[in-house]
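1. The following comprises the amino acid sequence and a computationally predicted model.
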Amino acid sequence: MPTRVFSQQPDLVAALPRLLQHARRFFSADLNVLGSSPPDRAQPLSGYVGLRWEGARYPGHGTFRVTSRAANADDRFAAQAAEARGRAGGMSDLAARCPAVWTISAEGEVTGTAELQLSALLASVALGPVLPEDESTLYGVRGAMERAEKAAEST
């Protein structure tokens, strides 16, 4: 399963201005929008954005498709199990309050810690935890950036 970010923000497309602002201001990154669902679609919980990430703080770049959908019982169960595995106290409660899930899929080559940094950015706007691909734990913005820093140091 790809990386999921639980979101209190139900409309991913409406969150684009904040994502772009946070990328520059807090993450020292260039984020380019390559495409998106129309803002006036019938189902605001369902949508996608195509993004190009170029990190300056930690090396890495990549192109990603982020899709949004309603959170479901399987997502909440996965969050609870990951919280128990990773001893991430309280994070599944936060996930349970999120009506949407944003899923990150790489499109083409991804280098460095681009996906970790992008997940941190998404979590900063979504105000929800990140469930990584391996479902080993749940973490927030700080946890994602700590992982990116550690990975950057080991290369």
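-> Ah, there it is.

2. Setting aside sequence neighbours, what's the nearest residue to residue 61?
-> residue 54 (4.7 Å; CB to CB, 6 or more residues apart in numbering). Where C-beta positions appear, they are placed from N, C-alpha and C, glycine not excepted.

3. what does residue 143 give?
-> Nearest residue to residue 143, sequence neighbours excluded (CB to CB, 6+ apart): residue 130, at 7.3 Å.

4. which intervals of the chain have sub-threshold pLDDT?
-> 155 (pLDDT under 70).

5. Point me to the helix or strand that includes the residue nearest the centre of the chain.
-> Centroid-nearest residue in the chain: residue 119, 3.2 Å away (criterion: CA atoms, centre = their mean). Using DSSP states H and E, residue 119 sits in helix 114-126.

6. What are the contacting residues of that helix?
-> 3, 5-9, 15, 18-19, 22-23, 26-27, 29, 31, 51, 53, 55, 57-58, 60-62, 64, 66, 98, 100, 102, 104, 106, 129-130, 132, 140-141, 144-145, 147-148, 151 (CB atoms under 8 Å, 6 or more residues apart in numbering).

7. List only buried entries from the residues you listed.
-> With burial judged by 16 or more other CB atoms under 10 Å, the buried subset of the contacts of helix 114-126 is 3, 5-7, 9, 15, 19, 22-23, 27, 29, 31, 51, 53, 55, 58, 60-62, 64, 66, 98, 100, 102, 104, 129-130, 132, 140-141, 144-145, 147-148, 151.

8. Distance check, residue 152 against residue 113.
-> Look at residue 152 and residue 113: by CB to CB, to the nearest Å, they are 6 Å apart.

9. Is the residue nearest to residue 143 in contact with residue 142, as I believe?
-> No. The pair residue 130 / residue 142 is not scored as a contact, 10.7 Å apart, by CB atoms under 8 Å.

10. How much space separates the residue nearest to the centre of the chain from residue 145?
-> For residue 119 relative to residue 145 (CB to CB), the value is 10 Å.
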